[in-house]
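Participant: What follows is a predicted structure for the sequence shown.
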Amino acid sequence: MDQTRVIEVKKNILAANDEAADAFRAERAKEGTFFVDVMASPGAGKTTLLLALIKELRSRGVQELGVIEADLESDVDALKIKEAGVPSVELNTRGVCHVEMGMVTMAFEAFDGERFDYLFLENIGNLVCPADFDTGAHTRVMLLSVPEGWDKVMKYPPMFAAVDALIVTKCDYLPLNE
């Protein structure tokens with residue numbers, strides 16, 4: 001065989017996930033729910049951002065909020081969200097570094113039919129795997145904390161290409177980088 005063939009494996013493997021994500025996204029839109037996927041490295045401030053968003057949205061009269069908390073092993077963040085009075089489902093991946101659409105669907109079903117104006121997914125703390133998996137969100141947000149360093153865009157370009165918005169956190173550390 002003298003010919004070189006290129007096989008697009010990644011697209012075929014993720015096709016079923018992408019189709020399920022499109023269906024989930026359409027269903028949430030039909031219900032009037034705006035679904036946001038929040039991604040970042042561990043410790044970048046995902047939970048802190050969600051708690052601030054909850055407070056701000058409530059100050060504007062939005063009460064129907066829900067959070068899917070994806071974590072490798074613990075329910076620490078889910079408990080913080082519940083303490084803020086927001087329904088939260090812990091999506092414990094048992095060490096899996098990404099969230100697939102099937103996981104999102106199971107977590108959403110655990111809300112037992114609750115209706116939300118805003119639903120958030122606090123995705124796994126990781127800048128590699130979450131970029132590749134469509135979670136059915138209407139928008140994808142990434143947090144980049146200053147202490148992580150300026151080089152993250154070069155080290156993890158798929159994540160930066162996959163998101164709709166970038167929020168820089170922990171800016172109070174900027175003077176320490178000089």
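Facilitator: That came in fine, so what should we check first?
Participant: Low-confidence ranges, the chain, go.
Facilitator: 1, 7-12, 174, 176-178 (pLDDT under 70).
Participant: Okay, helices next: where are they in it?
Facilitator: According to DSSP state H, the chain carries its helices in the segments 9-31, 46-59, 76-83, 101-109, 152-155, 157-162.
Participant: any idea how far the fourth one is from the chain center?
Facilitator: In terms of Cα atoms, centre = their mean, to the nearest Å, the centre of helix 101-109 is set 13 Å apart from its chain centre.
Participant: want to throw the helices of the chain into a markdown table with distance to residue 169?
Facilitator: The way it works is simple: take the backbone N, C-alpha and C, and place the C-beta from them, glycine included. Formatted as a markdown table, the helices of the chain follow (distance: least, Cβ to Cβ, whole Å):
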| stretch | distance to residue 169 |
| --- | --- |
| helix 9-31 | 26 |
| helix 46-59 | 7 |
| helix 76-83 | 15 |
| helix 101-109 | 24 |
| helix 152-155 | 12 |
| helix 157-162 | 15 |
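Participant: Out of the ones you listed, which is closest to residue 130?
Facilitator: helix 157-162 (7.2 Å; Cβ to Cβ).
Participant: The closest one packs against which elements?
Facilitator: On a contact count with 3 or more Cβ pairs under 8 Å, 6 or more residues apart in numbering; DSSP states H and E, helix 157-162 meets strand 139-145.
Participant: Just the buried positions in the strand it packs on, please.
Facilitator: Within strand 139-145, the residues scored as buried using 16 or more other Cβ atoms under 10 Å are 140, 141, 142, 143, 144, 145.
Participant: Out of the residues you listed, the closest to residue 22 would be?
Facilitator: Lowest distance from residue 22 to these (Cβ to Cβ) belongs to residue 140, with 14.4 Å.
Participant: So the closest one is in contact with residue 166, correct?
Facilitator: No: the pair residue 140 / residue 166 is not scored as a contact, 10.2 Å apart, by Cβ atoms under 8 Å.
Participant: ok, back up a step: tabulate the helices of the chain in a markdown table, adding columns for distance to residue 132 and mean neighbour count.
Facilitator: A markdown table is the format used below for the helices of the chain (distance: least, Cβ to Cβ, whole Å; neighbours: other Cβ atoms under 10 Å):
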| stretch | distance to residue 132 | mean neighbour count |
| --- | --- | --- |
| helix 9-31 | 7 | 13 |
| helix 46-59 | 18 | 16 |
| helix 76-83 | 22 | 17 |
| helix 101-109 | 12 | 18 |
| helix 152-155 | 16 | 12 |
| helix 157-162 | 7 | 15 |
